[in-house]
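Visitor: Give me a model of this one.
(2 chains, ligands or ions: 3)
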Amino acid sequence: MSESIDRDLTLSVNGIAYPVSVDTSRNLLSVIRTEIGLTGTKEGCDDCECGACMVLLDGQPVNSCSYLAAQAAGREITTIEGVMDGQELHPLQRNLLEEGGVQCGFCTPGMIMSATALLARTPSPSDEEIRIGLSGNLCRCTGYAKIIAAVRRTADEA
Amino acid sequence: MSLLIATTLDDALAALAAGARPIAGGTDLVVGARHGKAPLPASLVAIDRIESLRTIDRSADGGLVIGAGVSHHTIETDATIGAEWSALADASALVGSPATRHVGTLGGNVMNGSPAMDTGAPLVVFGAEAELASAAGSRRVDMATLWVGPGRTSAAADELCVAIHLPARALRSGSAYLRLEYRRAMEIAVVGAAAAVTLTADGAVGSVRVALTAIAATIVEVTGLTGGSVADVAAAAQAAAADQATPISDLRASDRYRRHCIGVMARRAVEAAARRAAGETIAIPVNRAVGIGMAAGATS
Ligand SMILES: Cc1cc2nc3c(=O)[nH]c(=O)nc-3n(C[C@H](O)[C@H](O)[C@H](O)COP(=O)(O)OP(=O)(O)OC[C@H]3O[C@@H](n4cnc5c(N)ncnc54)[C@H](O)[C@@H]3O)c2cc1C
Ligand code: FES
Ligand code: FES
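Guide: Ligands and ions are numbered 1, 2, ... in the order given. Below is the predicted model of the structure:
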């Protein structure tokens, strides 16, 4: 059934349904951060360039700064807050820490979302496939090599 | 602003008739609005959940019908498109990042009408047609009549692009799309070229079509090319592309640099298309295979 949205919509984030009332021109990032209060997803460029805002929509990566929140209604959104297993770090989080793939950490949530989508689709990626999988995510600190190593290690462990 | 999330084509066409603008992935529309290029329309109809726009079907004559809502990711990974309409897969594989390719659609790329759109030149060399539908009926137009200027198409405001029709591939034919890029992701073509080549039984070029990206107000087809040896046709394409281009200078490249490079891209596109036509497999996207955008020292 087609559905008309004026202000009220429900977003399902990490398995929890959040009713929100927002202008339908609002982007998904701002609604996740300021209405729902999950601030793990970062705003870097706010211009669809850096990938800090990456979330998963039905398992696929999306730049949430440039995606209408209303278009995400009825789909499953996964943010960095949704990747841990209880108190247990996600293997990508653990390996990023162990490999030194985190410095300031601002790019890390977005990197993890892109890497999660990559590994779900390609469980044993080549280094080239890892680079392509992360090609929408910028990091100003690490120089990328340690991030790629962390994804490589996560794939090898799985 | 109001948004209708349409699940049927009829609902979407009714919304367009009532003045709504379509949004598919929003990777042009929303990003453009955020850049201040054009504000978001007051009334939008989301077409990304209309299943009938997301299918790829073989037509009775051996061609292909690609729904306007098919994503670049699907095109890039579709085995049939990769094997038979390789230039289109080459193009979709270059768009943005994995996120852009999952969200962005073929219909959005074509209807956005940018002269730098990557799927445009491949569609021209295939002789593709866009199927436009409105509440009043539907019609098919060839790509050259669809694009009328930067960001402008000949479609009426209440017309939705529902599919792209690709004619059947000829025997001993192959295609390729290349673009010059400064980065290998999140990039716009500096210039790009697509070629479709059909070989004769003895391996010469029987027929060839070449179309160019980002060197004029719309995608343009190179005129005056005829058959001959692959080397001669590739050289002729290089000269004709550079000659017929009317590039602008902007912060990404000067007109002289674009004019030089479009010739190089056209030659390489013909060469790669001819290799594919001869049965060679060159991985998608062909850009990497010819070394554009590879890290220093890396091999494809
Ligand atoms: C970071 C980034 C990188 C990019 N890189 C590239 C690139 O490398 N190459 C490239 O070509 N493009 C690139 N783009 C542009 C864009 O992603 C593509 O053009 C994409 O295919 C647009 O599809 P969409 O579904 O997101 O379109 P939308 O933004 O939803 O729509 C674009 C326009 O087309 C109209 N429209 C959409 N669907 C239809 C339809 N079925 N019928 C009629 N009108 C329709 C909309 O009203 C709008 O005017 C990039 C964009 C971003 C943000
Ligand atoms: S904040 Fe979305 S891409 Fe940078
Ligand atoms: S760790 Fe600082 S931006 Fe990546």
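
Visitor: Every contact and neighbour count from this point should use C-alpha atoms.
Guide: Noted.

Visitor: Point out the residues in chain A that sit beside ligand 3.
Guide: Contact residues, chain A versus ligand 3 (C-alpha under 6 Å from any ligand atom): A:102-107, A:139-142.

Visitor: Can you get me a residue count around B:Asp10?
Guide: By the criterion of other C-alpha atoms under 10 Å in any protein chain shown, B:Asp10 has 14 neighbours.

Visitor: what's around residue 153, how many residues?
Guide: This is for chain A. By the criterion of other C-alpha under 10 Å, A:Arg153 has 16 neighbours.

Visitor: look at chain B instead
Guide: Counted with other C-alpha under 10 Å, B:Thr153 comes out at 20.

Visitor: How is the chain partitioned into domains?
Guide: Defaulting to chain A. A:6-82, A:91-157 (automatic domain parsing).

Visitor: I was after chain B.
Guide: What automatic domain parsing lists as the domains of chain B is B:1-51, B:173-289.

Visitor: how many other residues sit next to residue 1?
Guide: Since no chain was named, I'll use chain A. Using other C-alpha under 10 Å, A:Met1 has 8 neighbouring residues.

Visitor: meant chain B, my bad for not saying
Guide: Per other C-alpha under 10 Å, the neighbour tally for B:Met1 reads 14.

Visitor: which ones are touching the closest residue to it other than its chain neighbours?
Guide: Of all residues not flanking B:Met1 in the chain, B:Ala42 sits nearest, at 4.6 Å (C-alpha to C-alpha, 6 or more residues apart in numbering or on different chains). Going by C-alpha atoms under 8 Å, 6 or more residues apart in numbering or on different chains, B:Ala42 touches B:1-2, B:20.

Visitor: The chain: strands as residue ranges?
Guide: You didn't pick a chain, so chain A it is. Using DSSP state E, the strands of chain A run over A:3-5, A:8-13, A:16-21, A:54-57, A:60-63, A:76-78.

Visitor: actually it's chain B I care about, not the one you picked
Guide: Using DSSP E, the strands found in chain B span residues B:2-5, B:21-23, B:43-46, B:56-58, B:64-67, B:129-134, B:137-142, B:147-149, B:152-153, B:160-166, B:173-180, B:191-199, B:205-213, B:220-221.

Visitor: between the ones you listed, which one is nearest to ligand 3?
Guide: With C-alpha to the nearest ligand atom as the measure, strand B:173-180 is the member of these nearest ligand 3 (27.7 Å).

Visitor: neighbouring strands for that closest one, and are they parallel or not?
Guide: Partners of strand B:173-180 in the sheet, by DSSP bridges, are strand B:191-199 (antiparallel).

Visitor: gap between the strand it pairs with and the chain center?
Guide: Remark: strand B:191-199 is offset 12 Å from the chain centroid, using C-alpha atoms, centre = their mean, to the nearest Å.

Visitor: Stretch B:111-123 now?
Guide: Counting by C-alpha atoms, centre = their mean, stretch B:111-123 is centred 5 Å from the centre of its parent chain.

Visitor: first vs last residue of that stretch, how far apart are they?
Guide: End-to-end distance for stretch B:111-123, by C-alpha to C-alpha, to the nearest Å: 13 Å.

Visitor: go on, stretch A:1-21?
Guide: End to end - C-alpha to C-alpha - stretch A:1-21 spans 21 Å.

Visitor: what separates stretch A:138-148 from the chain centre, distance-wise?
Guide: 16 Å.

Visitor: list the buried ones in that stretch?
Guide: Across stretch A:138-148, burial judged by 16 or more other C-alpha atoms under 10 Å in any protein chain shown covers A:138-139, A:142, A:144, A:146-148.

Visitor: One more: stretch B:180-190?
Guide: Residues of stretch B:180-190 classed as buried by neighbour count (16+ other C-alpha under 10 Å): B:180-181, B:184-186, B:188-190.

Visitor: now the end-to-end length of that stretch.
Guide: Across stretch B:180-190, first to last residue, C-alpha to C-alpha, it's 5 Å.

Visitor: Save the buried residues of stretch B:180-190 as TSV, and put in pLDDT and distance to ligand 1 too.
Guide: Listed next are those as TSV, based on pLDDT from 0 to 100; distance: C-alpha to the nearest ligand atom, whole Å:
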residue	pLDDT	distance to ligand 1
B:Leu180	96	11
B:Glu181	93	9
B:Arg184	84	9
B:Ala185	88	7
B:Met186	88	4
B:Ile188	90	5
B:Ala189	94	7
B:Val190	95	10
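
Visitor: Could you list which of the residues you listed belong to helices?
Guide: In helices, judged by DSSP state H, none of those are found.

Visitor: can you list the residues you listed in TSV and add distance to ligand 2?
Guide: Shown next, in TSV, are the buried residues of stretch B:180-190 (distance: C-alpha to the nearest ligand atom, whole Å):
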residue	distance to ligand 2
B:Leu180	23
B:Glu181	20
B:Arg184	16
B:Ala185	13
B:Met186	10
B:Ile188	16
B:Ala189	19
B:Val190	21
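
Visitor: In chain A, what residue spans correspond to helices?
Guide: Under DSSP H, chain A gives helices at A:28-30, A:91-99, A:108-121, A:127-133, A:145-157.

Visitor: so what's the residue sitting nearest the centre point of chain A bridging to?
Guide: Here the mean C-alpha position of chain A is nearest to the C-alpha of A:Val55 (C-alpha atoms, centre = their mean), at a distance of 2.9 Å. Per DSSP bridges, the residues bridged to A:Val55 are A:Val62.

Visitor: so how many other residues sit close to residue 78?
Guide: Answering for chain A, as no chain was given. Residues near A:Thr78, counting by other C-alpha under 10 Å, number 21.

Visitor: looking at chain B here, not the other one
Guide: B:Asp78 - counted by other C-alpha under 10 Å - has 14 other residues nearby.

Visitor: which of the domains of chain B is buried the deepest?
Guide: domain B:173-289 (a mean of 22; mean count of other C-alpha atoms under 10 Å in any protein chain shown).

Visitor: and it, how far apart are its ends?
Guide: Using C-alpha to C-alpha, the two ends of domain B:173-289 sit 19 Å apart.

Visitor: go on, stretch B:85-104?
Guide: 19 Å.

Visitor: Cheers, nothing more for now.
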